[in-house]
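Q: Just the structure for this:
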Amino acid sequence: MSYTERHLPHWQPEGAAVFVTWRLYGSLPASVEALKSESAGKRFVAFDRDLDKAATGPRWLGDDRIAQCVADARHYGEDQLHLYRLRAVVPMINHVNILIYPEAELSRITKAIKNFTARRANTILGRTGQPFWQDESYDHWARSPEELEKIVRYIEGNPVVAGLASQPQDWRWSSAFEDRPGGLSYL
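A: I've put the predicted structure just below:
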């Protein structure tokens with residue numbers, strides 16, 4: 001098992017699926033400070049629900065051109081770079097939730113995806129020399145098959161909870177959309 005730490009701890013057990021969330025730079029909801037006394041799991045869920053509201057900060061992932069960048073990067077990371085096997089993914093308006101089986105260090109995976117998408121997205125938006133993604137990501141490894149399936153439902157249900165789609169398979173950028181008949185298949 002590998003371990004790294006910057007502002008947050010990052011554990012990567014061998015062979016385990018890892019749930020990773022990263023967000024746009026400047027999208028941190030003010031309500032996060034009030035959650036410091038809660039458990040890490042409760043803090044994450046509350047934090048993610050605040051991100052779903054996208055009430056503050058940039059909403060660049062709502063632009064289809066930017067969402068397509070993220071889709072291209074996630075497929076490139078899996079199919080060309082062989083950094084991971086994808087289980088579930090959903091880009092939201094201001095953050096991305098992804099569940100992967102890493103085949104490289106998690107820091108290498110997030111750096112590859114975030115650097116690629118930041119360059120392309122900033123070009124599309126006509127921005128130069130400005131951060132696109134928040135520097136650090138949140139991650140959690142699935143500790144059982146039941147937890148893994150719960151995480152998949154959470155990720156793919158995220159657009160429904162946020163009011164962006166009526167069913168998980170209706171959100172165009174989600175792995176649930178791609179898993180439908182005629183779409184791409186994940187694991």
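Q: Quick one: the helices in the protein, in order.
A: All helices of the chain, identified by DSSP state H, fall at 40-53, 64-79, 106-125, 145-161, 175-178.
Q: Can you add mean neighbour count and give those back as a markdown table?
A: For every residue, glycine as well, the C-beta is placed using N, CA and C. Formatted as a markdown table, the helices of the chain follow (neighbours: other Cβ atoms under 10 Å):
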| stretch | mean neighbour count |
| --- | --- |
| helix 40-53 | 16 |
| helix 64-79 | 18 |
| helix 106-125 | 18 |
| helix 145-161 | 17 |
| helix 175-178 | 22 |
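Q: Show me the one of the ones you listed that comes nearest Arg23.
A: helix 40-53 (6.1 Å; Cβ to Cβ).
Q: Report the mean per-residue pLDDT for that closest one.
A: For helix 40-53, mean pLDDT rounds to 62.
Q: Leaving out the residues flanking it, which one is nearest to Leu164?
A: Of all residues beyond its chain neighbours, the one nearest Leu164 is Trp171 (6.0 Å), with distances taken as Cβ to Cβ, 6 or more residues apart in numbering.
Q: Turn the helices of the chain into CSV, including distance to Arg87.
A: Formatted as CSV, these follow (distance: least, Cβ to Cβ, whole Å):
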stretch, distance to Arg87
helix 40-53, 18
helix 64-79, 10
helix 106-125, 13
helix 145-161, 6
helix 175-178, 8
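Q: Out of these, which gets nearest to His95?
A: Among the helices of the chain, helix 40-53 sits nearest to His95 (Cβ to Cβ), with 4.8 Å.
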